[in-house]
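Peer 1: sharing a model that was predicted from the sequence below.
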There are 2 protein chains.
Amino acid sequence: MKLHHVYGLAAILFATAGHAQAPFQKAEDAVKYRQSALSLMGTHFSRLGAMANGRVPFDAAVAQENAALVRTLSRLPWAGFTPDTQGLTTKAKPEVWRETERFQGASEKMQAAVAELDAAARTGDLNAIRKTFGDAAASCKACHDHFRR
Amino acid sequence: MKLHHVYGLAAILFATAGHAQAPFQKAEDAVKYRQSALSLMGTHFSRLGAMANGRVPFDAAVAQENAALVRTLSRLPWAGFTPDTQGLTTKAKPEVWRETERFQGASEKMQAAVAELDAAARTGDLNAIRKTFGDAAASCKACHDHFRR
């Protein structure tokens, strides 16, 4: 692996995630951080999915709140994929640090899809939510399929 | 313990947390959710603390982003303190479900203090951040001291 690529990615990811990010004191902290962000995101995303799929009644306010949370959370996990976490046992595959451009692209695609979903939720139109939810779910799956054990 | 108090609190907490909240499928999911939210909140709160305490240089944009995240996250954990999680081994003391009004009051006090911190961060004034950070930190500690092992 080319180490300068890894550190380059870390710099890019920090920039992508915004200035709220800073290095973590320990690798374990970075892992806990990214797992927490992804877990919370998953919870609120699945609540949107329940409405998009008709498992629970549609409520525009609920959808908006969940979509806004998902969008906010979608910026966070990436800062936790620091190079020093590669040695820890997690679901992250080595490809995260081996295919840094693809990983970054996948994270950006997800964030863009989630922004679309958030915009759709603000309209209060269930059909718009359904359409964008599918794209967002596909962006999650694409990244999980390649980068997660 | 008066069970109707516990369920009453859960209803109140759901209402407090907003409509994005819904019951969890398993007690373990609720625990994971609240722990994730509290952990993320702690990370971003500590970054504000580092600036408030002068350990890192003050950056108004960084402070604003962290404060906004902390405020958003501060609404979330409470929905995860569902009655069915009492039997699980966590840091939550039985007092969470035994002194429901006090617990709710403590959570509301924290959310109010964090809202003040967010408002201060928006002004870009480090002294305003320092003052409100202290109150917010005290609200975290007060709750942890009484309700966390």
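Peer 2: Perfect, thanks for sending it. Numbering: from 1, shown residues only, chains lettered A, B, ... in the order given.
Peer 1: C-alpha only now, for contacts and for neighbours.
Peer 2: Will do.
Peer 1: can you tell me the closest non-neighbouring residue to the closest residue to chain B within chain A?
Peer 2: Distances between chain A and chain B by CA to the nearest CA are smallest at A:Ser36, namely 4.4 Å. Using CA to CA, 6 or more residues apart in numbering or on different chains and skipping residues adjacent in sequence, the residue nearest A:Ser36 is B:Ser36, 4.4 Å away.
Peer 1: picking that back up, the residue of chain A closest to chain B against B:Gly42, yeah?
Peer 2: No. Taking contacts as CA atoms under 8 Å, A:Ser36 lies outside contact range of B:Gly42: 11.4 Å.
Peer 1: ok, the nearest residue to A:Glu95 once chain neighbours are set aside - how many residues close by?
Peer 2: Leaving out its chain neighbours, the residue that sits closest to A:Glu95 by CA to CA, 6+ apart is A:Phe147, at 5.9 Å. When neighbours are defined as other CA atoms under 10 Å in any protein chain shown, A:Phe147 has 19 of them.
Peer 1: list the contacts for A:Phe147?
Peer 2: Residues counted as contacts of A:Phe147 (CA atoms under 8 Å, 6 or more residues apart in numbering or on different chains) are A:Ala92, A:Lys93, A:Pro94, A:Glu95, A:Val96, A:Phe103.
Peer 1: between those residues, which is closest to B:Leu76?
Peer 2: Proximity of those to B:Leu76, judged by CA to CA, is greatest for A:Ala92, which lies at 26.1 Å.
Peer 1: looks like that closest one contacts A:Arg149 (just checking).
Peer 2: Yes. A:Ala92 is in contact with A:Arg149 according to CA under 8 Å; the separation is 6.2 Å.
Peer 1: show me which of the two is the more surrounded one.
Peer 2: Neighbour totals were compared for A:Ala92 and A:Arg149, and A:Ala92 leads with 18 against 10 (other CA under 10 Å).
Peer 1: thank you, goodbye.
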